[in-house]
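In: kindly generate the corresponding structure for this input.
(2 chains)
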Number of protein chains: 2
Amino acid sequence: MNDITPTGRTRVRRRAQRGSYDRALVNAILDEALVYHVGFVVDGQPFVLPMAYARIGDQLYLHGAVANRMLKALGSGAPACVTVTLLDGLVLARSAFHQSVNYRSVVILGTAREVTDAGEKRAALDALTEHLAPGRLAEIRAPSEEEMRATTVLAIPVNEVSAKVRSGPPVDDEADLAMTCWAGVVPLRLEPQAPVTDGHVPPGVEAPPVERFRRGAR
Amino acid sequence: MNDITPTGRTRVRRRAQRGSYDRALVNAILDEALVYHVGFVVDGQPFVLPMAYARIGDQLYLHGAVANRMLKALGSGAPACVTVTLLDGLVLARSAFHQSVNYRSVVILGTAREVTDAGEKRAALDALTEHLAPGRLAEIRAPSEEEMRATTVLAIPVNEVSAKVRSGPPVDDEADLAMTCWAGVVPLRLEPQAPVTDGHVPPGVEAPPVERFRRGAR
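Out: Residues are numbered from 1 along each chain as shown, chains lettered A, B, ... in the order given. Below you'll find the model as predicted:
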């Protein structure tokens, strides 16, 4: 299902069969990943930085300290590119030429706006907390007025967007299929490990089960 | 140890104590990660794309089809930014404001050059294969002359570079430490899963042990 209209800038050209304009796929990738890489330009020089984020509907929210130079640049209307990549596997083919990686990625082009409405800002910050660890919001202290003022929240619309996916086994040249080396895929997963309790948790408070922090639909 | 001299563009400003200019740390991050995100500018619009890469000494190599638009833009001398991020953990603090992520990241600013020397090009392609799966080069077919001609290899110097690292437990406000909720770190690791053999591997050829594909020094 392709329900997003690609533009000249988001239509996937290299290996176009891997491109997708399906909003459900885009959303699933955005919701599974933990950080995105945001690109912006200062004096002709591109900068790319990793950022935590959260999605609500077709808006992507990011946040940071009010003094943050990147947020200032983005919030003043500079064009941005947001890219999210999930690594799904090593694709080990029979030739060096066909080695590859299985992945799901999303590229969003757009311009950020600063979120000034108090209700939207609070909803975005809540979503950022829940994106990191679903259910966490109910367990911890909400932002104070002072913390809200110290935080800039920006929104980028998820409209000019495309996804790109590689999955499945290696694609080898016919002549190489008779080789006797092993070939296939080594799946990769970002796995949560046993929680490490900090020094101030009172005795008797149990660490949450690690399964709670597993990402995506497995 | 800070043996890289930061420039005005690579000196870490936000949370400067997390910045590092230690080449051994930079190299360890580059060698553990599987993909980087490269940013470049076309008509004022930044684009950020995930790419496989490999490091040899202080050169970072990337490759792609000769017709690749991004490689053409980068190879013609456009300024680039290469960012590599490793996610190490969810930092679950007692307040929404102090939620965080443990990570190691590297940001490189520079200009790419096309690799035209046949020896350097072959060494770069070999390193790309080995970066994905150490030892793989000895098991598979090397690139043919035709495949070499169909591939563009670019090099970006790892000189104007900084690393940034967050590690350790949450940093909570003093007043929140008496809360009874759980707090701490959920470590994250990109874990290889059991290899999936493709349909053309002859009977009797064993899949390699999964440990071979674990990244970094654990």
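
In: pLDDT below threshold where in chain A?
Out: Residues of chain A that meet the criterion pLDDT under 70 lie in A:1, A:217-218.

In: tell me what the longest helix along it is packed against?
Out: When chain A is parsed with DSSP state H, its longest helix is helix A:118-132. In terms of contacts (3 or more CB pairs under 8 Å, 6 or more residues apart in numbering or on different chains; DSSP states H and E), helix A:118-132 is packed against strand A:45-52, strand A:54-56, strand A:59-65, helix A:145-149, strand A:151-157. C-beta here means a position set from N, CA and C on the backbone, and glycine is covered the same way.

In: quick check, the third one touching chain B?
Out: Yes. Looking at strand A:59-65 against chain B by CB under 8 Å from any CB of the partner chain, the contacts come from A:64-65.

In: just the buried positions in the helix or strand following that strand, please.
Out: Using DSSP states H and E, the helix or strand that follows strand A:59-65 in sequence is helix A:69-75. Neighbour-count burial for helix A:69-75 flags A:70-71, A:73-75 (criterion: 16 or more other CB atoms under 10 Å in any protein chain shown).

In: returning to that earlier point: output the helices and strands packed on helix A:118-132 in CSV; the columns should cover mean neighbour count.
Out: Shown next, in CSV, are the helices and strands packed on helix A:118-132 (neighbours: other CB atoms under 10 Å in any protein chain shown):
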stretch, mean neighbour count
strand A:45-52, 21
strand A:54-56, 17
strand A:59-65, 21
helix A:145-149, 12
strand A:151-157, 22
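
In: could you pull out the strands for chain A?
Out: A:19-20, A:35-42, A:45-52, A:54-56, A:59-65, A:79-92, A:100-111, A:113-114, A:151-157, A:160-166, A:184-192, A:196-197 (DSSP state E).

In: which of these sits closest to residue B:28?
Out: Smallest distance to residue B:28 across the strands of chain A (CB to CB): 17.2 Å, for strand A:45-52.

In: so the closest one versus strand A:35-42, what angle?
Out: 150 degrees (axes from the mean of the first three to the mean of the last three CA atoms, to 10 degrees).

In: now strand A:45-52 - C-alpha only, CSV.
Out: Extracted in CSV, the C-alpha atoms of strand A:45-52 (Å, rounded to 0.1, in the frame of the first residue of the first chain):
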residue,chain,number,x,y,z
GLN,A,45,28.3,22.9,6.0
PRO,A,46,26.0,20.0,6.7
PHE,A,47,25.8,18.7,10.3
VAL,A,48,24.3,15.4,11.3
LEU,A,49,23.5,14.7,14.9
PRO,A,50,21.7,11.8,16.7
MET,A,51,18.6,12.8,18.7
ALA,A,52,15.9,11.2,20.8
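
In: by contact count, what packs against that strand?
Out: Using 3+ CB pairs under 8 Å, 6+ apart, strand A:45-52 is in contact with strand A:35-42, strand A:59-65, helix A:118-132, strand B:35-42, strand B:45-52, strand B:79-92, strand B:100-111.

In: what angle separates the first one from strand B:79-92?
Out: It stands for strand A:35-42. Using the same axes, to 10 degrees: strand A:35-42 against strand B:79-92 is 140 degrees.

In: strands paired with strand A:35-42, and their directions?
Out: The pairing partners recorded for strand A:35-42 under DSSP bridges are strand A:45-52 (antiparallel), strand A:79-92 (antiparallel).

In: distance to residue A:121 added to those strands, as JSON lines?
Out: What follows is those, written out as JSON lines (distance: least, CB to CB, whole Å):
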{"stretch": "strand A:45-52", "distance to residue A:121": "16"}
{"stretch": "strand A:79-92", "distance to residue A:121": "19"}
